[in-house]
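**Student:** no sequence on hand, only this structure:
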């Protein structure tokens, strides 16, 4: 089969790999249809690593996928050949202390698609996954929506982990796909006052069209002063979604006493810095977000019901053979890209 692999920093090539086969009775063989390009994929593309996760080239990436079931193992019960599915990229062991505590997303032996030393990614023609990672989708749902359910589930998980959002004042710093996933999830949960920042004007337009009450570009305005003018009592929760130190600094200033900072962005450095004086006096709570936990099914339901509409997220499309062009587009934040999709 064909696979798209990283072969060096900012290098990517189509390679041949053996066709995957079912080896366990709980395995599912999938023909890939759509894959979304994620910011973490781009980190591997431009940096060759995320923290301690270092790529050994060549390495197929990609983890936001949807496809059709081709074959199933003898013990599989949740999907059948011909079913259209969304793919959860995490493969927890199910038996460690974290899994038993209801935290499979921090499994001690977790394998994750497109993660170095864990599992090859899904930018491949075919893929084998455990049945627990396969979620049948409604006939009305597109493969694109199914693939986007992966980042959307992260946004929903982050919202579910934050303070009660009904009537809460919310800040989202960084409006890429994860920031948009947070916005859509927060609105679905009842938030009405949402302030969004980003450096890309086209993304801010999408934020306004998607329900943000205010948007600002930190390169053109003092966003802290402007948000304070609109919301003098400050914000209940701020979601950091861009992995930038400046966003952390802004979040600390924008949060009201007792507010909560949700750290979702993946930085290109090893340590955050925090203003201790403001954090201590405001008693700010900080929570990191590690992917998603138990929100895939809720995410798919919200999409199927029409409560969440992700139609504005997929802004660009590329055929499988032109995957590198998609990565270069996303890397350079060009042409107002929100999310690039790869079609098989």
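**Tutor:** Great, that's in hand. Remember, it's a predicted structure, so these values are computed and weren't measured experimentally.

**Student:** residue ranges for the helices of the stretch 151-300 of the chain, please.
**Tutor:** Counting by DSSP state H, counting those that start in this stretch, the stretch 151-300 of the chain forms helices over residues 177-188, 201-210, 223-230, 245-254, 276-282, 296-304, given from the N-terminal end onward.

**Student:** single out the most deeply packed of the ones you listed.
**Tutor:** Greatest average neighbour count among these goes to helix 177-188 (a mean of 27), per mean count of other Cβ atoms under 10 Å. C-beta here means a position set from N, CA and C on the backbone, and glycine is covered the same way.

**Student:** correct me, but residue 324 touches residue 7?
**Tutor:** No. With contact taken as Cβ atoms under 8 Å, residue 324 and residue 7 are classed as non-touching, separated by 10.2 Å.

**Student:** if we compare the helices of the stretch 151-300 of the chain, which one ends up closest to residue 112?
**Tutor:** helix 296-304 (13.9 Å; Cβ to Cβ).

**Student:** what helices and strands are in contact with the closest one?
**Tutor:** Counting contacts by 3 or more Cβ pairs under 8 Å, 6 or more residues apart in numbering; DSSP states H and E, the secondary-structure elements packed against helix 296-304 are strand 134-136, helix 143-161.

**Student:** on that earlier part again, which one's more surrounded, residue 324 and residue 7?
**Tutor:** Neighbours of residue 324 and residue 7, each counted by other Cβ atoms under 10 Å, are more numerous for residue 324; the result is 17 against 14.

**Student:** in what helix or strand does that one lie?
**Tutor:** Remark: residue 324 resides in helix 323-331, with elements defined by DSSP states H and E.

**Student:** got the buried residues for that helix?
**Tutor:** By 16 or more other Cβ atoms under 10 Å, the buried positions in helix 323-331 come out as 323, 324, 326, 327, 328, 329, 330, 331.

**Student:** now the fourth one: how far from residue 339?
**Tutor:** Spelled out, that is residue 327. According to Cβ to Cβ, to the nearest Å, residue 327 and residue 339 sit 12 Å apart.

**Student:** joint contacts of these two?
**Tutor:** Listed as contacting both residue 327 and residue 339 by Cβ atoms under 8 Å, 6 or more residues apart in numbering are residue 37.

**Student:** quickly list what residue 84 is bridged to.
**Tutor:** Residues found in beta-bridge contact with residue 84 (criterion: DSSP bridges) are residue 68.

**Student:** that one contacts residue 143, correct?
**Tutor:** Yes. Under the criterion of Cβ under 8 Å, residue 84 lies in contact with residue 143, with a separation of 7.0 Å.

**Student:** isn't residue 235 up against residue 254?
**Tutor:** Yes. The pair residue 235 and residue 254 passes the contact test of Cβ under 8 Å, sitting 5.1 Å apart.

**Student:** next, name the residue at the spatial heart of the protein.
**Tutor:** Among the residues of the chain, the smallest C-alpha distance to the mean C-alpha position (Cα atoms, centre = their mean) belongs to residue 151, namely 2.9 Å.

**Student:** for that one, give me its contacts.
**Tutor:** The contact partners of residue 151, by Cβ under 8 Å, 6+ apart, come to 36, 38, 64, 177, 178, 181, 339.

**Student:** swap in residue 154?
**Tutor:** Applying Cβ under 8 Å, 6+ apart to residue 154 gives the contacts 178, 181, 264, 289, 291, 292, 295.

**Student:** repeat that with 6 Å
**Tutor:** Taking Cβ atoms under 6 Å, 6 or more residues apart in numbering as the definition of contact, the neighbours of residue 154 are 291, 292.

**Student:** what angle do the helix holding residue 324 and helix 177-188 make?
**Tutor:** What separates the directions of helix 323-331 and helix 177-188 is an angle of 70 degrees, with axes from the mean of the first three to the mean of the last three Cα atoms, to 10 degrees.

**Student:** residues making contact with stretch 225-238?
**Tutor:** Applying Cβ under 6 Å, 6+ apart, the external contacts of stretch 225-238 come out as 162-163, 168-171, 195, 214, 216, 251, 254-256, 259-261.

**Student:** the residues you listed: which two are farthest apart?
**Tutor:** For those, and using Cβ to Cβ, no pair is farther apart than 163 and 216, which are 22.7 Å apart.

**Student:** returning to what we had before: what's the overlap in contacts for residue 235 and residue 254?
**Tutor:** In the contact map built from Cβ under 6 Å, 6+ apart, the residues linked to both residue 235 and residue 254 are residue 171.

**Student:** who's more crowded, residue 163 and residue 216?
**Tutor:** Neighbours per residue, other Cβ under 10 Å: of residue 163 and residue 216, the larger number sits with residue 216, 21 against 14.

**Student:** about what we covered before: name the residues that touch the helix holding residue 324?
**Tutor:** Contacts for helix 323-331 (Cβ under 6 Å, 6+ apart): 4, 12, 37, 42, 45, 46, 318, 337, 340, 342.

**Student:** out of those, which are buried?
**Tutor:** If you count burial by 16+ other Cβ under 10 Å, the buried members of the contacts of helix 323-331 come out as 4, 12, 37, 42, 45, 318, 337, 340, 342.

**Student:** count the residues that sit near residue 316.
**Tutor:** Using other Cβ under 10 Å, residue 316 has 17 other residues around it.

**Student:** got phi/psi on it?
**Tutor:** Backbone dihedrals for residue 316, given as degrees, to the nearest 10, come out at phi -140, psi 150.

**Student:** pretty sure it is touching residue 337, no?
**Tutor:** Yes. Proximity of residue 316 to residue 337 meets the contact threshold set by Cβ atoms under 6 Å, at 5.4 Å.
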